[in-house]
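Participant: Starting from these lines, generate the structure:
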Amino acid sequence: MTFSIILTLLLGYAAFAQTYVVMVRPAGVREWGYANLKGDLIIEAKYKKCIGFSNDGLAAIYDAKLKQFLFINLKGETLETEITGFKLIEVFGFGMKGFNNGFAPVKQNEKWGYLNTTGKLAIPAKYDKVTPFNSGYAAAQRDGKFFVLDKNGIESPVELPNLADLNDFSEQLASFKTAGDLVGFVDGGGKVAIQAQFQSAGDFHGGMAWAKNNAEKIGYINPKGDWILEPQYEAGKNFNPESGLARVKTRDKWAYVNKAGEIIYMNDSEIFDDFSDGLARGRKNDKFGFFNNKGEWAIPPQFDGARDFKNGYASVQSGEKWGIIDKTGKWVVEPKFEEIKDVELIR
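Facilitator: Now for the predicted structure:
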C-alpha cells in the first residue's frame with residue numbers, strides 16, 4: 001500500500017472519528033438534551049441542569065431524583081465513579097465545570113480532588129481550593145499553601161512570599177497575585193516565569209496575554225514577560241489566535257489590534273465582540289452577523305440572536321427558534337429548537 005493511500009485512509013478515519021454534539025432545548029420542553037449536527041436528539045431532553053460535552057466525551061448533569069451530580073457518555077449512560085454525592089465547581093454566569101484535560105474537579109466532605117475519565121478518584125480530595133486542569137496543569141491550595149499539580153497528581157509547591165492567589169493555567173502558565181495586589185505568572189513546575197509587576201493580567205492565548213501596568217494602561221506580553229505591544233490601551237481582551245486579533249479600547253472607542261500593533265476598526269456594526277474561532281459577532285439594524293479580521297461582514301447580519309463560533313459552527317436564532325450555521329452562513333441544523341448552546345467537538 002502506498003504512502004499516499006495510507007495517508008488518505010488515516011485522514012478519512014480522523015474525520016470520521018470526530019463527533020460533534022450540542023446541548024439543545026426542543027420546542028415546548030423545559031429540559032435540556034443533546035443533539036448531533038443533523039439536529040437529531042441523541043440523548044433525551046430530560047435535564048434541567050447540565051453542561052455541554054467535553055472533548056473527553058463526558059458531560060456533567062444533575063440528577064434531580066438522586067439529588068447529585070453525575071457524568072454521562074454519548075449514549076446517555078452514567079459513568080460509574082469511585083465516589084458519589086460530590087459537588088462540582090460552579091461559577092455564577094458561567095455554569096458548572098466538568099471534565100477538561102481528562103480530569104474533573106470534584107468536592108467531597110468539603111475537600112477537592114479530581115476524577116479521571118474512568119471514574120477513579122485519581123487525585124485525592126484533600127485540597128481547600130482547586131482549578132480545572134488546562135494545558136496539563138492545575139492549581140491547588142491546602143492549609144494556606146499553593147501547589148501546581150500535574151496529571152500524575154505530583155505537587156510542585158509555589159514558594160513565594162506574600163502569595164495571595166493562584167489562578168487557572170493557560171498555555172502552561174498561571175497568573176498569581178501577591179498580597180500587594182501585583183500579578184505575575186508561574187510555570188508548570190511552580191517556578192516564577194514572569195515576576196509580579198502588573199496590576200492585572202489575562203490568560204495566554206497564542207503566546208500573548210494582556211497586562212496592565214502601573215499607569216493603568218493595557219499592553220500585551222509574551223511568555224517571558226516582554227512587551228509585544230507596549231501599554232497604551234484603555235482596556236484589552238484576550239488575543240484570538242485564529243483571527244490574529246485582540247479587542248482593545250483606544251481613545252474611548254473599541255477596535256482590534258494585531259501582533260504588529262496595527263489597528264483595525266469595524267465601522268459597520270453596532271456592537272464589537274471578541275473574536276472566536278476566527279470570526280466576531282456583530283449587529284446591524286438589530287440583526288446579528290459575523291465579521292472577519294479585515295472588518296468585513298463574512299456572514300451578513302440576518303439573525304435575531306447569535307452565539308459565538310466554536311469548533312467551526314455557531315448557534316443562531318431566526319424568528320423564535322434556534323439552529324446552527326457553518327462559517328459560510330449555511331444552515332447545518334434548521335431553526336427548530338427553543339435554545340441551543342455551543343457545538344462541542346469530541347475527539
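Participant: C-alpha only now, for contacts and for neighbours.
Facilitator: Fine.
Participant: Which parts of the protein are helices?
Facilitator: Using DSSP state H, the helices of the chain run over 3-17.
Participant: Give me the below-cutoff pLDDT ranges for it.
Facilitator: Where the chain drops to pLDDT under 70, the residues are 1-17, 93-94.
Participant: Show me how the record splits it into domains.
Facilitator: Domain assignment for the chain by automatic domain parsing gives 64-127, 131-198.
Participant: Run the chain-centre distance for the first one.
Facilitator: Okay, so that is domain 64-127. From the chain centre to the centre of domain 64-127 is a distance of 18 Å (C-alpha atoms, centre = their mean, to the nearest Å).
Participant: now stretch 111-128
Facilitator: Centre to centre, stretch against its chain (C-alpha atoms, centre = their mean), the figure for stretch 111-128 is 21 Å.
Participant: Just the terminal-to-terminal distance for it.
Facilitator: 5 Å (C-alpha to C-alpha, to the nearest Å).
Participant: mind listing the strands in the stretch 1-150 of the chain by residue range?
Facilitator: Assigned by DSSP state E, counting those that start in this stretch, the strands in the stretch 1-150 of the chain fall at 19-26, 32-35, 41-47, 59-63, 68-72, 87-91, 95-97, 103-108, 111-116, 121-127, 129-130, 138-142, 145-149.
Participant: what about these, which gets the closest to Gly261?
Facilitator: Nearest to Gly261, of all the strands of the stretch 1-150 of the chain, is strand 138-142, at 32.3 Å by C-alpha to C-alpha.
Participant: Provide the strand pairings for the closest one, with the direction of each partner.
Facilitator: Next to strand 138-142 in the sheet, as set by DSSP bridges, lie strand 129-130 (antiparallel), strand 145-149 (antiparallel).
Participant: just the angle between the longest one and strand 121-127, please?
Facilitator: Just to be clear, that refers to strand 145-149. Relative orientation of strand 145-149 with respect to strand 121-127: 170 degrees, computed using axes from the mean of the first three to the mean of the last three C-alpha atoms, to 10 degrees.
Participant: picking that back up, would you list the strands paired with strand 138-142 in CSV and tack on distance to Leu245 and mean neighbour count?
Facilitator: Output for those, formatted as CSV (distance: least, C-alpha to C-alpha, whole Å; neighbours: other C-alpha atoms under 10 Å):
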stretch, distance to Leu245, mean neighbour count
strand 129-130, 31, 23
strand 145-149, 30, 22
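Participant: ok, back up a step: between the strands of the stretch 1-150 of the chain, which gets nearest to Ala196?
Facilitator: Among these, the nearest to Ala196 by C-alpha to C-alpha is strand 145-149 (16.0 Å).
Participant: Give me the contacts around the closest one.
Facilitator: Contact with strand 145-149 is made by 137-141, 155-159, 165-166, 188-190, as judged by C-alpha atoms under 8 Å, 6 or more residues apart in numbering.
Participant: what does stretch 65-72 give?
Facilitator: 58-63, 78-79, 84-88.
Participant: What is the most widely separated pair among the residues you listed?
Facilitator: Pairwise distances across the contacts of stretch 65-72 (C-alpha to C-alpha) peak at 17.6 Å, for the pair Leu58 and Gly85.
Participant: Same drill for the two, tell me which one is more crowded.
Facilitator: Leu58 (26 against 13; other C-alpha atoms under 10 Å).
Participant: wait, the more buried one sits on Phe99?
Facilitator: Yes: counting by C-alpha atoms under 8 Å, a contact exists between Leu58 and Phe99, whose distance comes to 7.0 Å.
Participant: So for these two, which residues contact both of them?
Facilitator: Between them, Leu58 and Phe99 share the contacting residues Thr117, judged by C-alpha under 8 Å, 6+ apart.
Participant: how many neighbours does Trp227 have?
Facilitator: Neighbours of Trp227 (other C-alpha under 10 Å): 16.
Participant: Next one: the closest residue to it other than its chain neighbours from Asp165, what distance?
Facilitator: Using C-alpha to C-alpha, 6 or more residues apart in numbering and skipping the chain neighbours, the partner closest in space to Trp227 is Ile221 (4.3 Å). Applying C-alpha to C-alpha, the value for Ile221 to Asp165 is 21 Å.
Participant: More neighbours: which of those two?
Facilitator: Ile221 (23 against 18).
Participant: beta partners of that one?
Facilitator: Beta-bridge partners recorded for Ile221 (DSSP bridges): Ala209, Trp227.
Participant: give the contact list for it.
Facilitator: Met208, Ala209, Trp210, Ala211, Trp227, Ile228, Leu229.
Participant: could you check the angle strand 19-26 makes with the longest strand seen in the chain?
Facilitator: Ranked by residue count and defined by DSSP state E, the top strand of the chain is strand 331-346. Put simply, strand 331-346 runs at 120 degrees to strand 19-26, going by the same axes, to 10 degrees.
Participant: How far away from the center of its chain is strand 331-346?
Facilitator: 18 Å.
Participant: Give me the contact list for it.
Facilitator: Identification of contacts with strand 331-346 by C-alpha under 8 Å, 6+ apart yields 18-28, 37-39, 52-57, 307-311, 313-318, 320-326.
Participant: Over to stretch 128-136?
Facilitator: Outside of stretch 128-136, the residues within contact range by C-alpha under 8 Å, 6+ apart are 97, 99-101, 103-105, 110-113, 138-143, 150-151, 167-172.
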